[in-house]
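>>> quick one, what's the 3D model for this:
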Amino acid sequence: MSETEDHLPRVRRICLAMPDTWEKLSHGAPTFFVKKSVFAMYVQNHHSDGHIAVWLPVPPGEQPALIAEDPATYYHPPYVGVKGWVGIELSRVDDETLGAHLTEARRLIANKTNKKR
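The predicted structure follows:
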């Protein structure tokens, strides 16, 4: 995949194949929800930062480990990075890796949603 390729169809295909997920534009970005909670955002050159990425939550402690292990692929995104989310450069991950991250993000958010009830 090239760095300038539009990765949205790929992200959309993976996210919308999961149960109880849907998409809408939020804060100017295609955003994916499980029930009423966000589990992933697709960003393309957000505020001219050069990233074509997805932002998503990861398990506690995983964000710094991912960034340290591969800083060209993973980064601390604005706004949600302080909540333990990570940015993933889409040109640097294959569908299997991306799907695993998105599936885990959806699971984390769905579990939080279920605990609120």
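
>>> tell me the contacts of H7?
Counting by CB atoms under 8 Å, 6 or more residues apart in numbering, H7 touches M1, Y42, Q44, I52, V54, L90, S91. In short, each C-beta sits where N, CA and C put it, glycine included.

>>> if we use 6 Å, what do you get?
Going by CB atoms under 6 Å, 6 or more residues apart in numbering, H7 touches I52, L90.

>>> any weak-confidence spans in this structure?
1-5, 113-117 (pLDDT under 70).

>>> for it, which helix is longest?
Assignment by DSSP state H gives helix 95-115 as the longest helix of the chain.

>>> and that helix, which residues are buried?
In terms of neighbour count (16 or more other CB atoms under 10 Å), helix 95-115 has its buried residues at L98, G99, H101, L102, E104, A105, R106, L108, I109, A110, T113.

>>> distance to F32 for those residues - can I get that in TSV?
Putting the buried residues of helix 95-115 into TSV (distance: CB to CB, whole Å) gives the following:
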residue	distance to F32
L98	12
G99	13
H101	12
L102	8
E104	13
A105	9
R106	8
L108	13
I109	10
A110	12
T113	14
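
>>> could you pull out the helices for this structure?
Counting by DSSP H, the chain has helices at residues 8-16, 62-69, 95-115.

>>> what inclination does the shortest one have with respect to helix 95-115?
Note on geometry: by axes from the mean of the first three to the mean of the last three CA atoms, to 10 degrees, helix 62-69 and helix 95-115 are set 160 degrees apart in direction.
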